[in-house]
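K.L.:
Mind folding the following:
(chains A and B)
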Amino acid sequence: MSSVNVQRNVFHKVPPRLRGWVLPVLILAVWWAVVASGASDSPLLVSPLAVWQRGVGQVVSGELWVALSASLWRMAWGFGIGSSIGLAVGALLGWSRWAERLAGPTFHTLKQISLFAWIPMLSMWFGLGDAAKIAFVAMAAFFPVVLNTLEGLRSVPREYLEVARVYEFSVWQTLRRVVAPAAAPSLFTGIQLSLIYSWLATLGAEYLLASGKGIGNTLIDGREHFWMDLVLFGVVVVGLVGFALNALLAALEKRLLAWRDSTIARY
Amino acid sequence: MAIPALKAAGPSSPTHPLEPLPDLPARRVAAARTKASWTWAGRSLWAWPFPLAVLALWQLSAIWGWVPEQVLPPPAAVFKVFGELLASGELWDHLRISMVRVFAGFGIGLSLGLLLGGAMGLSPTFRDYVFPLFKAFSQVPVIGWLPLLILVVGIDEALKFLLIAKAALVPVAINTCQGIQNVPNRLVEVARVYGFTRWQMLRKVVFPAATAPIWNGVRYGLTHAWLALVVVELLASSEGIGFLIVYGRQLFQLDVVLAAVLAVGIVGFVIDKLLAVSEAWLLRWRKPGL
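P.N.:
Prediction:
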């Protein structure tokens, strides 16, 4: 019992704000110590310093920017194409009950197919270059947008539409003033999911259709040459890009959907 | 794959940034079914004309030679190959190998995820220490860890188990943690009034109340596991359903590729349906309350 208490005291002594840093620092220290002790001469055991230097080298030589901009460019195109088609299809399915009845079940069946299973087919049709990669990213971006657009349109309360009819809104006014705001949160979720999926798909496409430059290719290169430091650096970059995309979207959502909170607050 | 922002996933909050596609419309279809079965009959009839028309057009385009068979094999050829692969047992062999991988990896990820999520949910101190590292870890998608893991463990079964486990662990851990944290305070207070012991509290109050979100995490975990399996088999495997796709591609036999893609879709569909059914069964006690 007393030992438990001692333990609790030790863990509680660290201020809550700093607790998150304890494990990472500990891991880094152990990593450093193992490398420094020379206990293992595996080429895979690189020091944290080597990873840092590799990172600096990649930034200074500009290789990182070449790879990163190529990846982001692909992602942006694929995301743009996929999400616009997705928005159109989702709007059609959400707007017309007949379209949903006819094509909805097919769509829900198709989405069950693991995305990456399409890559070999796409490489047959579009080759190994950017066309195939962008097509794949577009597919990845397509599905979440369709689902969430559909869901958003479905969630527009019927009463709102009735009020709009009473006020004799035109179709455009109804869309602009009633449907769009009511469906916005769900639409935004779709866009958010679709952007993250696009980033995953970009990496996957760069692995599986290995040609040209990109962060995925950097990782594959590192693996093939047994450059553990490059692979670790690549993993960090992948994580940071994902993090940045999320932060960007969170900020956008806060701005665009700020009215939501204010309406709630007024009640 | 990576779960960047940490929110509980589920129908009530589909905003989880990297959850598989939320399934709400399908759920609504399910709700409609229970209401009136004739609606369901009507709906399922309407589901057929569209895909059948697409298939017919696809088949005709092959017959009339609009699209060369090497580029897009006609559906009849795909179904024929699918039947042959089934009959020869080849498809079953690959599927069996893939299923073993999925369930082994998922089992590891599920148990670790429940433990980690449970600990983070029950102990704020533990969460303070572990959560930031966990969040950073989940920020990098499965596909980002792949090259690193290949260097460390090679391309054997260990690689598949680890990657699939990672894919399953993240949603399970997050949902378990959130589920436990979101147990209504009033339930805990009542239990305290009745003088429940710690174990009784967990067993009778916390776990039942957190079942729904945890099960959601399990559901996403299994879907992610299947997704991760296909990726890892496409990239580094010499057997399994993903390998069958790559193999067909290398031989330029697109009918084999499409037959394997069909199998991937069917398994994904079956997994999803099984989970939906088991969720209904697991949460059947909630119905009278609603």
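K.L.:
what about the helix ranked longest in chain B, near chain A?
P.N.:
If you go by DSSP state H, chain B has its longest helix at helix B:90-122. No. Using CB under 8 Å from any CB of the partner chain, helix B:90-122 stays clear of chain A, coming no nearer than 10.9 Å. Every C-beta, even on glycine, is put in place using the N, C-alpha and C of the backbone.
K.L.:
and the residue nearest the centre of chain A, helix, strand or coil?
P.N.:
For chain A, the residue nearest the mean C-alpha position is A:I196 (1.4 Å; CA atoms, centre = their mean). Look at A:I196: counting by DSSP: H, G, I helix; E, B strand; the rest coil, its state is helix.
K.L.:
My read is that it contacts A:N246, right?
P.N.:
Yes. Using CB atoms under 8 Å, A:I196 is in contact with A:N246, at 7.3 Å.
K.L.:
so what pLDDT did the residue nearest to the centre of chain A get?
P.N.:
pLDDT for A:I196: 89.
K.L.:
And for B:V232?
P.N.:
With respect to pLDDT, B:V232 scores 92.
K.L.:
Ok, B:K7 next?
P.N.:
B:K7 is assigned 42 on the pLDDT scale.
K.L.:
Repeat that for A:S3.
P.N.:
pLDDT, A:S3: 47.
K.L.:
One more: B:W38?
P.N.:
Reading off the model, B:W38 has pLDDT 59.
K.L.:
How about B:Y220?
P.N.:
Looking at B:Y220, its pLDDT stands at 89.
K.L.:
what about it, how many residues close to it?
P.N.:
Per other CB atoms under 10 Å in any protein chain shown, the neighbour tally for B:Y220 reads 26.
K.L.:
so what's it closest to, chain neighbours aside?
P.N.:
B:P171 (4.0 Å; CB to CB, 6 or more residues apart in numbering or on different chains).
K.L.:
Okay, the one you found and chain A: tell me how far apart.
P.N.:
According to CB to the nearest CB, to the nearest Å, B:P171 and chain A sit 14 Å apart.
K.L.:
Show the backbone phi and psi for that residue.
P.N.:
phi -60, psi -40 (degrees, to the nearest 10).
K.L.:
again, but for A:F107
P.N.:
Phi and psi for A:F107, reported as degrees, to the nearest 10, are phi -60, psi -50.
K.L.:
Helices of the stretch 1-150 of chain A, start to end?
P.N.:
A:2-13, A:16-37, A:48-61, A:63-95, A:97-110, A:119-126, A:130-154 (DSSP state H, counting those that start in this stretch).
K.L.:
same for the last one, what does it pack against?
P.N.:
Right, helix A:130-154. Contact partners of helix A:130-154 among helices and strands, from 3 or more CB pairs under 8 Å, 6 or more residues apart in numbering or on different chains; DSSP states H and E: helix A:63-95, helix A:119-126, helix A:180-208, helix B:24-35.
K.L.:
do the same with the fifth one
P.N.:
Contacts defined by 3+ CB pairs under 8 Å, 6+ apart place helix A:97-110 against helix A:63-95, helix B:24-35, helix B:37-46, helix B:49-63, helix B:254-282.
K.L.:
Look at A:M139 and say how many residues are nearby.
P.N.:
Residues near A:M139, counting by other CB under 10 Å, number 21.
K.L.:
Please verify my assumption that it contacts A:I81.
P.N.:
No. Using CB under 8 Å, A:M139 is not in contact with A:I81, being 9.6 Å away.
K.L.:
Leaving out chain neighbours, which residue sits closest to B:L85?
P.N.:
Spatial nearest neighbour of B:L85, chain neighbours left out: B:L91 (3.9 Å); criterion: CB to CB, 6+ apart.
K.L.:
OK, contacts around that neighbour?
P.N.:
B:L91 sits next to B:F82, B:L85, B:I241, B:L244, B:A259, B:A260, B:A263 when contact means CB atoms under 8 Å, 6 or more residues apart in numbering or on different chains.
K.L.:
need the helices of the stretch 1-150 of chain A in JSON lines with distance to B:L133, can you?
P.N.:
Converted to JSON lines, the helices of the stretch 1-150 of chain A look like this (distance: least, CB to CB, whole Å):
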{"stretch": "helix A:2-13", "distance to B:L133": "15"}
{"stretch": "helix A:16-37", "distance to B:L133": "5"}
{"stretch": "helix A:48-61", "distance to B:L133": "16"}
{"stretch": "helix A:63-95", "distance to B:L133": "25"}
{"stretch": "helix A:97-110", "distance to B:L133": "37"}
{"stretch": "helix A:119-126", "distance to B:L133": "32"}
{"stretch": "helix A:130-154", "distance to B:L133": "28"}
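K.L.:
what's the most buried one of the ones you listed?
P.N.:
Burial of those is given as mean neighbour count (mean count of other CB atoms under 10 Å in any protein chain shown); helix A:130-154 ranks first at a mean of 25.
K.L.:
got the angle for that one vs helix A:63-95?
P.N.:
40 degrees (axes from the mean of the first three to the mean of the last three CA atoms, to 10 degrees).
K.L.:
Is the following helix or strand past helix A:130-154 positioned near chain B?
P.N.:
Scanning forward in sequence from helix A:130-154 by DSSP states H and E, the next helix or strand is helix A:158-166. No. Counting by CB under 8 Å from any CB, chain B is not contacted by helix A:158-166; separation bottoms out at 14.4 Å.
K.L.:
Run through the neighbouring helices and strands of the following helix or strand past helix A:158-166.
P.N.:
Of the helices and strands lying after helix A:158-166 in sequence (DSSP H and E), the nearest is helix A:171-173. With contacts taken as 3+ CB pairs under 8 Å, 6+ apart, helix A:171-173 sits against no other helix or strand.
K.L.:
Tell me the pLDDT of the closest residue to A:L102 other than its chain neighbours.
P.N.:
With sequence-adjacent residues excluded and distances taken as CB to CB, 6+ apart, A:L102 is closest to B:F50, at 4.4 Å. Looking at B:F50, its pLDDT is 86.
K.L.:
With the one 3 residues further on instead?
P.N.:
We have a pLDDT of 89 for B:A53.
K.L.:
Distance check, it against chain A.
P.N.:
As judged by CB to the nearest CB, B:A53 and chain A stand 9 Å apart.
K.L.:
What of B:Q200?
P.N.:
For B:Q200, the distance to chain A - CB to the nearest CB - is 21 Å.
K.L.:
pretty sure that residue is touching B:A191, no?
P.N.:
Yes. Contact criterion CB under 8 Å: B:Q200 and B:A191 qualify, at 7.3 Å.
K.L.:
Okay, now the unreliable bits of the chain?
P.N.:
Picking chain A for this. A:1-9, A:259-267 (pLDDT under 70).
K.L.:
Chain B, not that one
P.N.:
B:1-43, B:286-290.
K.L.:
Tell me which residue is most central in it.
P.N.:
Centroid check for chain B by CA atoms, centre = their mean gives B:T223 as the closest residue, at 0.7 Å.
K.L.:
and whatever helix or strand that one lives in, what other elements does it pack with?
P.N.:
For B:T223, the host element (DSSP H and E) is helix B:207-235. Applying 3+ CB pairs under 8 Å, 6+ apart, we find helix B:207-235 packed against helix A:180-208, helix B:90-122, helix B:142-153, helix B:157-181, helix B:241-250, helix B:254-282.
K.L.:
Repeat the analysis, applying 10 Å as the threshold.
P.N.:
Secondary-structure packing of helix B:207-235 (3 or more CB pairs under 10 Å, 6 or more residues apart in numbering or on different chains; DSSP states H and E): helix A:119-126, helix A:180-208, helix B:90-122, helix B:142-153, helix B:157-181, helix B:185-193, helix B:241-250, helix B:254-282.
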